[in-house]
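Colleague: missing the sequence, but the structure's below:
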DNA sequence: TTTGATACGTTATAGTATAACAATCAATCG
DNA sequence: CGATTGATTGTTATACTATAACGTATCAAA
């Protein structure tokens, strides 16, 4: 798996990508889910950066390599990847990011840098519990917890930072 | 102020609305912010339900009473109301809901019923602190915390519920 | 009276997402 | 084998969400 938190601007990203793809293949094999070429390629594109990417951003890249591709193609691939837990949707950005722990069911917390876009996923079970306790007090049955924290990552919050 | 949590399907909503409007006027007066007729009307429309409403939903209502109204009009009003903290944007719905505690700076937590749309806002400072601690561990500087919990409200989670 | 700031009107367009139906293909069964 | 079924992808059109850019009106300060 990949390291938690933010990544160094220069890290071995080939390895992130390779590990994510390998884990996705394993997981789909185990579940009998079909990681087709389109779906696999979209997953690769999502994983090409540690930054949420919009559907149309992914679409453009697909079109660059395959000619005519229509929006439903990429949205269907994204739906599949979401259903398998291989990617997450960042609601506050209408964008998608790879999940570093796809085999582990969770609603993570996302820390999103407003300067460079880098996003880190954390999974604090205590936070989920705390939300669930509030929900219980309201008589509310929880399906999904969305936690998105906006701010500045370590690289962008120091003065003289690359993206002020 | 209005009561916290979910509201009874039949409650004195006139009162919710009147209180929200009164507080908004007070708050704008204190700040020298202009609660113009359009802005005030949009706030009323947002407060017409305890359920987040889309910009175009609000736009339709405005058009019904004022003839031609273009999207920027409603978006500008929403921007103003957001800036004053009089409403909140629900990111996972692209929709807007009235803030029951506008004079109190906060990032609340929203509990959103996926059946009936009813939304309750809570403010658990401990939750915010917990998020901030995670952020600090990452070296992340927090600007905004978005917490949206999807599930079923008390009225919709009982069997034989109105909106299963 | 001019100026500047603020709000609002208006037109056009950008960006995000899905409905509906056709085509393909592999697996299975009679 | 040929037919059927289910899953996936292609294709076209359209719906939904949001903003850019520029013009107009108002009002208070200089």
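Modeller: Looks like it came in fine. What you are looking at is a predicted structure, and each value in this text was computed from that prediction instead of being measured. Numbers count the residues shown, from 1 in each chain, chains lettered A, B, ... in the order given.
Colleague: in chain A, which spans are helices?
Modeller: Remark: helices assigned in chain A by DSSP state H are A:13-31, A:37-46, A:55-66, A:71-83, A:125-138, A:154-157.
Colleague: same list (those) but as TSV, adding distance to DNA strand C, mean neighbour count and mean pLDDT.
Modeller: Bear in mind the C-beta positions are built from the backbone N, C-alpha and C, glycine included. Below are the helices of chain A laid out as TSV (distance: least, CB to the nearest atom of the strand, whole Å; neighbours: other CB atoms under 10 Å in any protein chain shown; pLDDT from 0 to 100):
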stretch	distance to DNA strand C	mean neighbour count	mean pLDDT
helix A:13-31	14	15	95
helix A:37-46	12	20	98
helix A:55-66	4	15	97
helix A:71-83	4	16	98
helix A:125-138	23	16	96
helix A:154-157	21	18	90
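Colleague: now those helices as TSV including distance to residue B:65?
Modeller: Converted to TSV, these look like this (distance: least, CB to CB, whole Å):
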stretch	distance to residue B:65
helix A:13-31	52
helix A:37-46	44
helix A:55-66	36
helix A:71-83	35
helix A:125-138	35
helix A:154-157	45
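Colleague: any residues of chain A in contact with chain B? List them.
Modeller: A:5-6, A:91-92, A:109, A:111, A:113-114, A:120, A:122, A:124, A:126-127, A:130-131, A:134-135, A:137-154, A:157 (CB under 8 Å from any CB of the partner chain).
Colleague: how about the residues of chain A near DNA strand D?
Modeller: By the rule CB under 7 Å from any atom of the strand, the part of chain A lying against DNA strand D is A:33-34, A:36-39, A:68-73, A:76-77, A:80.
Colleague: determine which two of those are furthest apart.
Modeller: For the residues of chain A next to DNA strand D, the farthest-apart pair by CB to CB is A:33 and A:68; their separation is 26.7 Å.
Colleague: more crowded one of the two?
Modeller: residue A:33 (15 against 7; other CB atoms under 10 Å in any protein chain shown).
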